[in-house]
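*Asks:* No sequence on hand, only this structure:
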């Protein structure tokens, strides 16, 4: 039986209890606000961000999402990520075939 792992970024704003219950991995999105770089928090940690947003004259910006996948020579993950990117017609997403496997991806 094949397992499915759900990975999302922090802008999904999924409640923490749901994240824990379904073992969802949340990647914090990096953003720039008033000239400073930040990593977005997890659900329940957004109060200071939204308070700052409501009083600031500037608007935060994000960087380009980057996905590095398991080698396309041994998995369909890369092709699936490219397909998903193309479905969104989003040029700010980069999908990289690592041509690596397992622990080599962490380097």
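*Replies:* Cool, got the structure. These numbers were taken from a predicted model, which means no experiment stands behind them.

*Asks:* Where is the longest helix in this protein?
*Replies:* helix 77-88 (DSSP state H).

*Asks:* Residue 47 - how many residues pack around it?
*Replies:* 9 (other CB atoms under 10 Å). Glycine gets a C-beta too; all of them are placed from N, C-alpha and C.

*Asks:* Model confidence at it, what's the number?
*Replies:* Note on residue 47: pLDDT of 74.

*Asks:* ok, it to residue 54 distance?
*Replies:* 11 Å (CB to CB, to the nearest Å).

*Asks:* show me what contacts the most centrally placed residue in the chain?
*Replies:* In the chain, the residue lying closest to the centroid (CA atoms, centre = their mean) is residue 9, at 3.3 Å. Residue 9 sits next to 26, 27, 28, 29, 65 when contact means CB atoms under 8 Å, 6 or more residues apart in numbering.

*Asks:* Name the nearest of these relative to residue 58.
*Replies:* Set against residue 58, the nearest of the contacts of residue 9 by CB to CB is residue 29 (17.4 Å).

*Asks:* coming back round to it: so in terms of bridging, what pairs with the residue nearest to the centre of the chain?
*Replies:* Counting by DSSP bridges, residue 9 forms beta bridges with residue 27.

*Asks:* Just the pLDDT for it.
*Replies:* At residue 9, pLDDT is 73.

*Asks:* State the distance from it to residue 62.
*Replies:* Residue 9 is 9 Å from residue 62, by CB to CB.

*Asks:* Give me the common contacts of these two.
*Replies:* residue 29.

*Asks:* separation between the residue nearest to residue 24 when sequence neighbours are not counted and residue 12?
*Replies:* Of all residues not flanking residue 24 in the chain, residue 6 sits nearest, at 4.7 Å (CB to CB, 6 or more residues apart in numbering). Look at residue 6 and residue 12: by CB to CB, they are 10 Å apart.
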